[in-house]
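[1] this is the structure alone, sequence omitted:
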């Protein structure tokens, strides 16, 4: 049996059509973001050969913790042990996040002053402590703000964890500013890396 509330929803076409419209607009935001990232990478030739492999990919699903999501992977280099992925994630009813996930040989891409950059107050970086790199929620068992960790603890975590996943989170409150915020966030995360042999950061 359906409750009165459930019956009102199942009889209403408008809300599901509105959902499709919203997801289409978010897909366009992610498409525009991918172009910004492509331009940023192409402006720095030392990165373009490695990080511009492949094309931006937007994926969608209906059931991350029972809620719809969209995600952009770019740049994305997925190997069995070696991963470099910048993933922008929209989770219905929750947030946008941008995740820089690195493991294997790509760990050498990080700048030498990574710890100092992660303690910078200009951005509220989070670092993943979960054993599963594919979780996106912000429960305490998954992400910790880097500013709450001391430099020694953060250094040890970066060195000992099997992967490094650094994230920025964006709520929906300032929706009109989200495209610019996401673009700035992607640049901030890419600023954490410098290709081996290149003296200049992005």
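    Arrived safely, thanks for sending. It should be emphasised that the depicted structure is a prediction, and the values quoted were computed from it without experimental measurement.
[2] please make it C-alpha for all contacts and neighbour counts, starting now.
    Noted.
[3] let me see the contact set for the residue sitting nearest the centre point of the chain.
    Geometric centre of the chain, nearest residue: residue 98, 2.1 Å, by CA atoms, centre = their mean. By CA atoms under 8 Å, 6 or more residues apart in numbering, residue 98 lies in contact with 86-89, 167-169, 182, 185-186.
[4] if I pick the residue lying closest to residue 94 once chain neighbours are set aside, what's in contact with it?
    Leaving out its chain neighbours, the residue that sits closest to residue 94 by CA to CA, 6 or more residues apart in numbering is residue 171, at 7.1 Å. Counting by CA under 8 Å, 6+ apart, residue 171 touches 94-96.
[5] and residue 126, by the same measure?
    143-146, 166-168.
[6] then residue 178?
    170, 172.
[7] from residue 62, how far off is it?
    Relative to residue 62, residue 178 is positioned 22 Å away (criterion: CA to CA, to the nearest Å).
[8] what is the top strand by length along the chain packed up against?
    Ranked by residue count and defined by DSSP state E, the top strand of the chain is strand 67-78. For strand 67-78, the packing partners by 3 or more CA pairs under 8 Å, 6 or more residues apart in numbering; DSSP states H and E come out as helix 14-42, helix 45-51, strand 57-64, strand 83-91.
[9] for residue 77, find the nearest of those.
    Residue 77 lies closest to strand 83-91 among the helices and strands packed on strand 67-78, at 5.0 Å (CA to CA).
[10] how about the contacts of residue 171 in TSV, adding distance to residue 152, pLDDT and secondary structure?
    Output for the contacts of residue 171, formatted as TSV (distance: CA to CA, whole Å; pLDDT from 0 to 100; DSSP: H, G, I helix; E, B strand; the rest coil):
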residue	distance to residue 152	pLDDT	secondary structure
94	32	98	coil
95	30	98	strand
96	29	98	strand
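[11] which residue, other than its chain neighbours, is closest to residue 70?
    residue 60 (4.3 Å).
[12] how far away is the one you found from residue 138?
    Distance from residue 60 to residue 138, by CA to CA: 20 Å.
[13] just residue 156 next, same as before
    Taking CA to CA, one finds residue 156 at 21 Å from residue 138.
[14] what of residue 160?
    Distance from residue 160 to residue 138, counting by CA to CA: 21 Å.
[15] give me the more crowded residue out of the two.
    Neighbours of residue 160 and residue 138, each counted by other CA atoms under 10 Å, are more numerous for residue 138; the result is 17 against 10.
[16] need the pLDDT of that one.
    Looking at residue 138, its pLDDT is 97.
[17] fine, thanks again, bye for now.
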